[in-house]
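> model this:
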Amino acid sequence: MPHCTGAHAMLAAMSGLGEVATPVGPARLAMSVGLAAGDVFAASVGVPGERLDEIVTGDPVYDSARSEAKTASGEAILSAEAAARL
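As a prediction, the model looks like this:
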């Protein structure tokens with residue numbers, strides 16, 4: 001799917017990492033990707049010069065999380081809205 005090349009590149013990079021050593025033993029690295037589309041609200045919150053956090057909220061953020069939760073490790077999935085826009 002040419003519109004998802006970034007997601008596929010991230011999955012390929014992650015699959016090449018395998019395991020990493022941790023103080024409690026090796027940990028297998030894995031990820032899945034949920035993609036969504038639509039308007040979001042983004043803002044910087046905090047105290048300038050001390051700490052600023054970037055926040056993003058809106059239906060596409062939640063759709064992306066729901067889509068990702070449905071995938072197996074190593075997979076990418078589109079929300080219905082993102083698929084409709086292709």
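
> now residue 43: how far from residue 85?
24 Å (CB to CB, to the nearest Å). C-beta: built from backbone N, CA, C; applies to glycine.

> I meant residue 22, not that one.
From residue 22 over to residue 85 the distance is 40 Å, taken as CB to CB.

> Spit out the contact partners of the residue nearest the centre of the chain.
For the chain, the residue nearest the mean C-alpha position is residue 33 (5.0 Å; CA atoms, centre = their mean). Contacts for residue 33 (CB atoms under 8 Å, 6 or more residues apart in numbering) come out as 7, 10-11, 68, 71, 75-77.

> Distance check, it against residue 74.
In terms of CB to CB, residue 33 sits 9 Å off from residue 74.

> next one: residue 30
Distance from residue 30 to residue 74, by CB to CB: 7 Å.

> Low-confidence regions, the chain specifically.
Low-confidence segments of the chain, defined by pLDDT under 70: 1-4.

> Recalculate using a threshold of 90.
1-21, 27-35, 48-49, 63-86 (pLDDT under 90).

> mind listing the strands for it?
Using DSSP state E, the strands of the chain run over residues 19-20, 27-28, 33-35, 41-47, 51-57, 76-78.

> Distance-wise, check residue 80 relative to residue 44.
As judged by CB to CB, residue 80 and residue 44 stand 30 Å apart.
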